[in-house]
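# generate coordinates for the sequence data below:
(2 chains)
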Number of protein chains: 2
Amino acid sequence: MVQWIEDPIEDEETERIATHAAALADSVRDLIDAVVRSEVDTDELDSVRGEVEALVKRLRVRQLPGSFGETWGMSGALRAWGNAVIGLRNAIAPPMANEWHDDGTVVGHATLRTAYEGPPGRAHGGVAALLLDQVMGEAAHAAERPGFTAYLNLNYRNPTPLGRVRAEAKADPPAPGQEHKTIVRGTLFAVADDGTETVCVEAEGMFILPRDVRERMAQEAHE
Amino acid sequence: MVQWIEDPIEDEETERIATHAAALADSVRDLIDAVVRSEVDTDELDSVRGEVEALVKRLRVRQLPGSFGETWGMSGALRAWGNAVIGLRNAIAPPMANEWHDDGTVVGHATLRTAYEGPPGRAHGGVAALLLDQVMGEAAHAAERPGFTAYLNLNYRNPTPLGRVRAEAKADPPAPGQEHKTIVRGTLFAVADDGTETVCVEAEGMFILPRDVRERMAQEAHE
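Take a look at the predicted model:
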């Protein structure tokens, strides 16, 4: 189900379709919120369920055989539209929007709605971890030393309220001979209505590129 | 928005409504998957979006003012139906189903569908953290020393594939004078079709009950 393939469709057309799919995913984010909070009666809940099941059938008339995976556009842009944190087509993702800065810092913005709740009124501790793992992984990538999470150490400084958050991460310089192991530091901030930020979670992680992937990349670079 | 209140509705009726809401949330989980994978054309995507928006309006006719929070039934059973990991009404949650064993071990079962993807075909590293934070927090609770996550250290031993996973956690015995700080160890396993398990992530966490909550609990115990 995984495909590190190039996308055969032209960039412009792919982006056009993505806009419509992203708008649909946004409406499903509203639906997720409404299902958590609704107080309508059980007949109405059942009736809505029938309608949702019918919509699922319509969407499944033509679909990918498995998960979305990642594809690259002709321009080389990564399309992780199914990703659990940044995926524009994935209603589980807030989605977090990330910026890669020239100095290697990656900054992510997200709004955590009711469905990200753990303790009452607060974001789930694991949701903070989820956002940080993504932005820290991207920081390793931005430093041109991408990899899979090897460890992730999270220190919870303050509760993360539901609402606006900002995540920030940057890779340490590589240690000599250890270029395949990338240490990244990240922070999650709560953002108040007036823009004031509070540190919620501080994290350190290591991202490692497995040997087989490194060897394949080295080989491809020679071809 | 919602607080630590007792539920005024009778248990049986509340459970009955929950069954219908949980079935609706299940249909929305299918919808999330279908939106990620669908290859229908943009007119159809737009048409489905219109239908979803109409359903959202129907559900919002009567709804909670904010997030679901937690309530307790008359029997004392915790209802975290909006929780991001175990919430039966929350389509973002797999939902993970947890068992509390007599020896203090908490075991959680979940199936990670396409929407939990990070690297192609694999669960997002942060999703593993999300599940472990929940089951480890419950293990602190099961040990009668509940708290909020203070730190969470995760070591990724093997990739977590999409599909069936099992999480397991247990609290260490309390250190003298440190009863409000609970160390919990947890493991996330991938479960193959034949039931074979592979360790994917090992974790250690500390869960702390804040001073104000401890004081309030002590006061309530005296009333």
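
# in chain A, which spans are helices?
For chain A, the helices defined by DSSP state H cover A:11-37, A:42-59, A:125-142, A:211-222.

# mind putting those in JSON lines, distance to B:Leu162, mean neighbour count and mean pLDDT included?
(Glycine included, C-beta is placed from N, CA and C.) Listed next are these as JSON lines, based on distance: least, C-beta to C-beta, whole Å; neighbours: other C-beta atoms under 10 Å in any protein chain shown; pLDDT from 0 to 100:
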{"stretch": "helix A:11-37", "distance to B:Leu162": "19", "mean neighbour count": "19", "mean pLDDT": "92"}
{"stretch": "helix A:42-59", "distance to B:Leu162": "19", "mean neighbour count": "17", "mean pLDDT": "98"}
{"stretch": "helix A:125-142", "distance to B:Leu162": "16", "mean neighbour count": "28", "mean pLDDT": "96"}
{"stretch": "helix A:211-222", "distance to B:Leu162": "19", "mean neighbour count": "10", "mean pLDDT": "76"}
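
# spatially central, which residue of chain A would that be?
A:Val85 (2.0 Å; C-alpha atoms, centre = their mean).

# contact partners for that one?
Residues in contact with A:Val85 (C-beta atoms under 8 Å, 6 or more residues apart in numbering or on different chains) are A:Ala93, A:Pro94, A:Pro95, A:Met96, A:Leu130, A:Leu131, A:Asp133, A:Gln134, B:Gly118, B:His124, B:Gly126.

# how is chain A carved up into domains?
As given by automatic domain parsing, the domain ranges for chain A are A:1-95, A:97-216.

# rewinding a little: looking at the helices of chain A, which is closest to B:Cys200?
helix A:125-142 (13.9 Å; C-beta to C-beta).

# quick one: that closest one near chain B?
Yes - using C-beta under 8 Å from any C-beta of the partner chain, helix A:125-142 reaches chain B at A:Gly125, A:Gly126, A:Val127, A:Ala129, A:Leu130, A:Leu131, A:Leu132, A:Asp133, A:Gln134, A:Gly137.

# for that helix, what is the distance to the chain centroid?
Once both centres are worked out by C-alpha atoms, centre = their mean, to the nearest Å, helix A:125-142 turns out to sit 8 Å from its chain's centre.

# grab the CA positions of it and hand them over as CSV.
Output in CSV follows, covering the C-alpha atoms of helix A:125-142 (Å, rounded to 0.1, in the frame of the first residue of the first chain):
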residue,chain,number,x,y,z
GLY,A,125,-0.9,14.8,26.5
GLY,A,126,-0.4,12.4,23.6
VAL,A,127,-1.6,15.0,21.1
ALA,A,128,1.2,17.3,22.1
ALA,A,129,3.6,14.4,21.4
LEU,A,130,1.9,13.8,18.1
LEU,A,131,2.4,17.4,16.9
LEU,A,132,6.0,17.6,18.2
ASP,A,133,7.0,14.3,16.5
GLN,A,134,5.8,15.7,13.2
VAL,A,135,7.5,19.1,13.4
MET,A,136,10.7,17.6,14.8
GLY,A,137,10.8,15.0,12.1
GLU,A,138,10.5,17.7,9.5
ALA,A,139,13.3,19.7,11.2
ALA,A,140,15.6,16.7,10.7
HIS,A,141,14.4,16.7,7.1
ALA,A,142,15.0,20.4,6.8
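
# what angle sits between that helix and helix B:125-142?
On the basis of axes from the mean of the first three to the mean of the last three C-alpha atoms, to 10 degrees, helix A:125-142 is oriented at 150 degrees to helix B:125-142.

# which strands and helices sit next to helix A:125-142?
When contacts are defined as 3 or more C-beta pairs under 8 Å, 6 or more residues apart in numbering or on different chains; DSSP states H and E, helix A:125-142 packs onto strand A:97-100, strand A:106-112, strand A:148-156, strand A:163-171, strand A:181-191, strand A:197-208, helix B:125-142, strand B:148-156.

# ok, the closest residue in space to A:Ser67 that isn't next to it in sequence - contacts?
For A:Ser67, ignoring the flanking residues on the chain, the nearest one in space by C-beta to C-beta, 6 or more residues apart in numbering or on different chains is B:Thr114 at 4.0 Å. Neighbouring residues of B:Thr114 by C-beta under 8 Å, 6+ apart: A:Gly66, A:Ser67, A:Phe68, A:Gly82, B:Asp33, B:Val36, B:Arg37, B:Leu162.

# need the pLDDT of B:Thr114.
In this model, B:Thr114 is scored at 93, pLDDT.

# do you know how far it is from B:Gly177?
Distance, B:Thr114 to B:Gly177, by C-beta to C-beta, to the nearest Å: 48 Å.

# so A:Leu31 is in contact with B:Asp30, correct?
No - judged on C-beta atoms under 8 Å, A:Leu31 makes no contact with B:Asp30 at a distance of 12.0 Å.

# need the overlap of contacts for these two.
Common neighbours of A:Leu31 and B:Asp30, counting by C-beta under 8 Å, 6+ apart, are A:Val52.

# can you give me the distance of the residue of chain A most remote from its centre to chain B?
No residue in chain A sits farther from the centre than A:Asp43, which is 35.6 Å out by C-alpha atoms, centre = their mean. Distance of A:Asp43 to chain B, computed by C-beta to the nearest C-beta, to the nearest Å: 9 Å.

# coming back round to it: nearest to A:Cys200, of the contacts of B:Thr114?
Closest to A:Cys200 out of those is A:Gly82 (26.9 Å), distances taken as C-beta to C-beta.

# next one, pLDDT for the residue lying closest to that closest one once chain neighbours are set aside please.
Closest residue to A:Gly82 apart from its sequence neighbours, by C-beta to C-beta, 6+ apart: A:Phe68 at 2.6 Å. Note for A:Phe68: predicted pLDDT of 80.
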